[in-house]
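Student: what would the 3D arrangement of this be:
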Amino acid sequence: MNRSTLLTLLISVMLLAIPAIPAAAAEPSAESNIGFVIYTKSLAPGTLNARWMYTTKFRGPGIATGGPRTGFAGRYHVRYFLESGEFSDEYDLLIEKVEDIYKVSWMVSGKLKATGVGMEVENGLAVGWRRIE
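Tutor: The predicted model follows:
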């Protein structure tokens, strides 16, 4: 095999080894429907403090009240605010523990508005979530 053929073969193998990028992944995507919240226990029993964000545009504090005296699993009423202090959203919050995973649901008048999964971290409960359209 001459040097030119060997070089062509090597380049061909290298090109095959590079994973293809789907066209949709190469283009900038629309704003995602993904949020994140971390709940930490408040000094008041049955209350959780929240730090939340939704997409890259919205974030702020929140407070969940009416929950159990211990643990994270339970029913709460949660209010979220923007960084400016302006009210954002309000939900009935259900946190369910299944082994070491948490299933989380945000509801308004019994209708599911968002769902997520989470896990305990050093100082709280970290939850990724998405809105239900």
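Student: secondary structure class for Ser32?
Tutor: Reduced to three states with DSSP: H, G, I helix; E, B strand; the rest coil, the structure at Ser32 is coil.
Student: nearest residue to it in space, please, no chain neighbours.
Tutor: Thr55 (5.9 Å; CB to CB, 6 or more residues apart in numbering). Quick note: C-beta positions are derived from backbone N, CA and C, even for glycine.
Student: ok, that neighbour touching Ile34?
Tutor: Yes - checked against CB atoms under 8 Å, the pair Thr55 and Ile34 is within contact range at 6.9 Å.
Student: quick one, helices of this structure?
Tutor: Ranges of helices within the chain are 3-17, 23-26, based on DSSP state H.
Student: what is the rounded mean pLDDT of the first one?
Tutor: If I follow you right, that is helix 3-17. The predicted model gives helix 3-17 an average pLDDT of 38.
Student: neighbours around the residue nearest to Ser32, how many?
Tutor: Burial of Thr55 is recorded as 12 neighbouring residues (other CB atoms under 10 Å).
Student: distance of it from Lys97?
Tutor: Thr55 sits 28 Å away from Lys97, going by CB to CB, to the nearest Å.
Student: correct me if wrong: Ile101 contacts Gly118.
Tutor: Yes - between Ile101 and Gly118 there is a contact under CB under 8 Å: 7.5 Å.
Student: between those two, which is the more surrounded one?
Tutor: Using other CB under 10 Å as the criterion, Ile101 and Gly118 rank with Gly118 on top: 22 against 11.
Student: the more buried one contacts Val98, doesn't it?
Tutor: No - assessed by CB under 8 Å, Gly118 is found out of contact with Val98, at 10.9 Å.
Student: list the beta-bridge partners for Asp89.
Tutor: Counting by DSSP bridges, Asp89 is bridged to Tyr80.
Student: low pLDDT regions in this structure?
Tutor: Along the chain, the model assigns pLDDT under 70 to residues 1-31.
Student: how about the strands in it?
Tutor: According to DSSP state E, the chain carries its strands in the segments 35-41, 48-54, 58-65, 74-81, 87-98, 101-108, 111-121, 124-131.
Student: in stretch 114-122, what's buried?
Tutor: Across stretch 114-122, burial judged by 16 or more other CB atoms under 10 Å covers 114-116, 118.
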